[in-house]
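S.K.: Sequence plus predicted model, see below.
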Amino acid sequence: MQIFDGHNDALSRLWGTTTDPVGEFAKPVGHVNTPHARAGGLSGGFFALYSSAEKRAFDFTIFDGGGVALPLAPAMPAAQALEPVIAQAGIAQQLHAAGQIEICTSTAQLGRAFVSDPIACVLHLEGADCIGPEMWELDALHAMGLRSLGPVWSRPNIFGEGVPFSHGTDGDTGGGLTSAGQALVAKCKAMGVMVDTSHLTLKGFWDVAEEDLPLVATHSNACAVALNARNLTDDQLRAIRQTGGMVGLNFASLYLSDDGWTQGQATLTDCLRQLDHLIAVAGEDHVGLGSDFDGAPMPQGMSHAGNLPALLDAMRAAGYGEALIAKLAHENWLDFLSRQLNP
C-alpha cells in the first residue's frame, strides 16, 4: 500500500544537520529518507519549508517527560526568515536533480511521480514569515515549485497569529488573519496555492473559510479526543467536510492523546482513536495522513517512515477495510490535489 503524507520536515532536518543533503537523504537517518521511504511505501507527500531560528535538528527530548507548554515564539523578521526557506528550497532542488524526489506542480506530474522511484514532493511553506507585505517572495517561491502555504506557524507574523503549544484548550487562543493575511489568502487562491490552516488560531481558521476555499489542515488531530490548541474542534472538522477539504492525522505523540501530552508517549492505538473520530466527523473522503515526520516526537511503533506499514496493519486489525485504508493512505490526498493543482 503506497502512502501520501500530508506533512514532513525533512528539508528542515537536512538544512540543520548536513552540508551534503543528497548523501544524507540516501542514508537511514531521521524520519524521512530514501531507504525508510522505500521500506514503508512512502511514495509522496508535502515537504515543508520552515523558518527555524537555529540551524540544527529539532530537539524532541524536551518532551520526553511529557508536554511542556510553550508560549508563542516571537515574531521573526522577514529577512531572517527568508534565509532558511531559500536554503531548504535549494536542498529540495538538489534532491530533485539527484532523482531522490520529484517536485510536482501539476496533477499529471504528481500522478507519474507517485508510481515511480522518486518520492513525489509538493513543496509547502510552513509559516509565511519570510513573505513581505508586497508578497514578491511568494511569486519567487511559486516559481521554485511551491504549491502549498500555511499563513502562520506557532508565532505571530504580519498575516496572523498561530496557536501556542498548550493542552486543555482548543485553538481559540488569539486573533485571526490580519488584512495582510486576507490578501495573502486571496493571492494564494488566485495562484492555485493551497492554504493550510494547521497552526492557525480558531478565528484564523474561520477567516480562511470566508475566502471560499476548501479548508485544509495538513497535520492536525481532533480536540474531542485530545483537547489541544493544535487540534481541531468538531465544527472545524465538519467545515472541512462541507468545503471538500482535507485533514491529515498528525502522528505527534503530544497531540494524539492526553497521556501523549502528559507522559510524552503515545501508541498506534491512539492514532486509531483519532482516525475513528476524524472519519466520523469529517467523513472518510476527507481524511488522510499528516505525519509531522522529522518535526515531532513519534508514537511507539512509528520510529520513522519505514514503520508506516505497522499503522496500516493496525487499521486492518481494527476492522478497517482495504478500500478505506487506501483512501486514508493516499487516495484522498491525491484526489484532492487533482482538483487543486493545474492539470
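M.R.: Received the coordinates, thanks.

S.K.: Mind exporting the C-alpha coordinates of stretch 325-343 to CSV?
M.R.: Only the C-alpha atoms of stretch 325-343 are listed here, as CSV (Å, rounded to 0.1, in the frame of the first residue of the first chain):
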residue,chain,number,x,y,z
ILE,A,325,-7.3,2.1,4.1
ALA,A,326,-6.4,3.0,0.5
LYS,A,327,-8.4,6.2,0.9
LEU,A,328,-6.6,7.2,4.1
ALA,A,329,-3.2,6.1,2.8
HIS,A,330,-3.2,8.0,-0.5
GLU,A,331,-6.4,8.2,-2.5
ASN,A,332,-8.0,11.1,-0.6
TRP,A,333,-4.9,13.3,-0.8
LEU,A,334,-4.3,12.5,-4.5
ASP,A,335,-8.0,13.1,-5.3
PHE,A,336,-7.9,16.5,-3.5
LEU,A,337,-4.7,17.5,-5.2
SER,A,338,-6.1,16.6,-8.6
ARG,A,339,-8.6,19.4,-8.1
GLN,A,340,-6.1,21.8,-6.5
LEU,A,341,-3.1,21.6,-8.9
ASN,A,342,-3.1,22.5,-12.6
PRO,A,343,-3.6,19.5,-14.9
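
S.K.: residues of it that come out buried?
M.R.: 325, 327-337, 340-341 (16 or more other CB atoms under 10 Å). Any C-beta I mention is one placed from the backbone N, CA and C, and that applies to glycine too.

S.K.: Those residues in helices, which ones?
M.R.: 325, 332-337, 340 (DSSP state H).

S.K.: Give me the below-cutoff pLDDT ranges for the stretch 51-200 of the chain.
M.R.: Low-confidence segments of the stretch 51-200 of the chain (pLDDT under 70): 67.

S.K.: mind redoing it with 90?
M.R.: Within the stretch 51-200 of the chain, the segments meeting pLDDT under 90 span 56-73.

S.K.: Where do the helices of it begin and end?
M.R.: With helices called from DSSP state H, counting those that start in this stretch, the stretch 51-200 of the chain shows them at 78-97, 107-114, 136-143, 179-191.

S.K.: tell me the angle of the last one relative to helix 136-143?
M.R.: With axes from the mean of the first three to the mean of the last three CA atoms, to 10 degrees as the criterion, the two stretches helix 179-191 and helix 136-143 enclose an angle of 30 degrees.

S.K.: from now on call the first residue 4
M.R.: Yes, from this point I'll number from 4; that puts the last item at helix 182-194.

S.K.: could you say what helices and strands helix 182-194 packs with?
M.R.: Using 3 or more CB pairs under 8 Å, 6 or more residues apart in numbering; DSSP states H and E as the contact test, the elements touching helix 182-194 are helix 139-146, strand 197-198, helix 205-212.

S.K.: Any chance of JSON lines for the ones you listed, columns mean neighbour count and distance to Phe168?
M.R.: Below are the helices and strands packed on helix 182-194 laid out as JSON lines (neighbours: other CB atoms under 10 Å; distance: least, CB to CB, whole Å):
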{"stretch": "helix 139-146", "mean neighbour count": "16", "distance to Phe168": "26"}
{"stretch": "strand 197-198", "mean neighbour count": "22", "distance to Phe168": "22"}
{"stretch": "helix 205-212", "mean neighbour count": "22", "distance to Phe168": "16"}
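
S.K.: mind checking which of the ones you listed is nearest His39?
M.R.: Proximity to His39 (CB to CB) singles out strand 197-198 among these, at 25.6 Å.

S.K.: In TSV, list the helices and strands packed on helix 182-194 along with distance to Pro24.
M.R.: Below are these laid out as TSV (distance: least, CB to CB, whole Å):
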stretch	distance to Pro24
helix 139-146	18
strand 197-198	25
helix 205-212	33
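
S.K.: Quick one: classify the closest residue to Gly293 other than its chain neighbours as helix, strand or coil.
M.R.: Leaving out its chain neighbours, the residue that sits closest to Gly293 by CB to CB, 6 or more residues apart in numbering is Gly251, at 2.2 Å. At Gly251 the chain is in strand, as set by DSSP: H, G, I helix; E, B strand; the rest coil.

S.K.: what's the distance between Gly251 and Leu98?
M.R.: 22 Å (CB to CB, to the nearest Å).

S.K.: do the same with Gly171
M.R.: With CB to CB as the criterion, Gly171 and Leu98 are 40 Å apart.

S.K.: Who has more neighbours out of these two?
M.R.: Using other CB atoms under 10 Å, the more surrounded residue of Gly171 and Leu98 is Leu98, with 25 against 12.

S.K.: Just confirm the more buried one contacts Ala92, I think it does.
M.R.: No. Here Leu98 lies out of contact with Ala92, judged by CB atoms under 8 Å, at a distance of 10.8 Å.

S.K.: Just the CA trace of stretch 36-52, in CSV.
M.R.: Below are the C-alpha coordinates for stretch 36-52, written out as CSV (Å, rounded to 0.1, in the frame of the first residue of the first chain):
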residue,chain,number,x,y,z
ASN,A,36,14.9,9.5,3.7
THR,A,37,15.2,7.2,0.7
PRO,A,38,15.7,3.8,2.4
HIS,A,39,12.9,4.4,5.0
ALA,A,40,10.5,5.7,2.4
ARG,A,41,11.1,2.6,0.2
ALA,A,42,10.7,0.3,3.2
GLY,A,43,7.5,2.0,4.3
GLY,A,44,5.8,2.7,1.0
LEU,A,45,6.1,6.5,1.3
SER,A,46,5.6,7.5,-2.3
GLY,A,47,4.8,11.2,-1.9
GLY,A,48,3.9,14.0,0.4
PHE,A,49,4.1,17.6,1.4
PHE,A,50,7.7,18.7,2.1
ALA,A,51,7.8,21.7,4.4
LEU,A,52,10.0,24.8,4.1
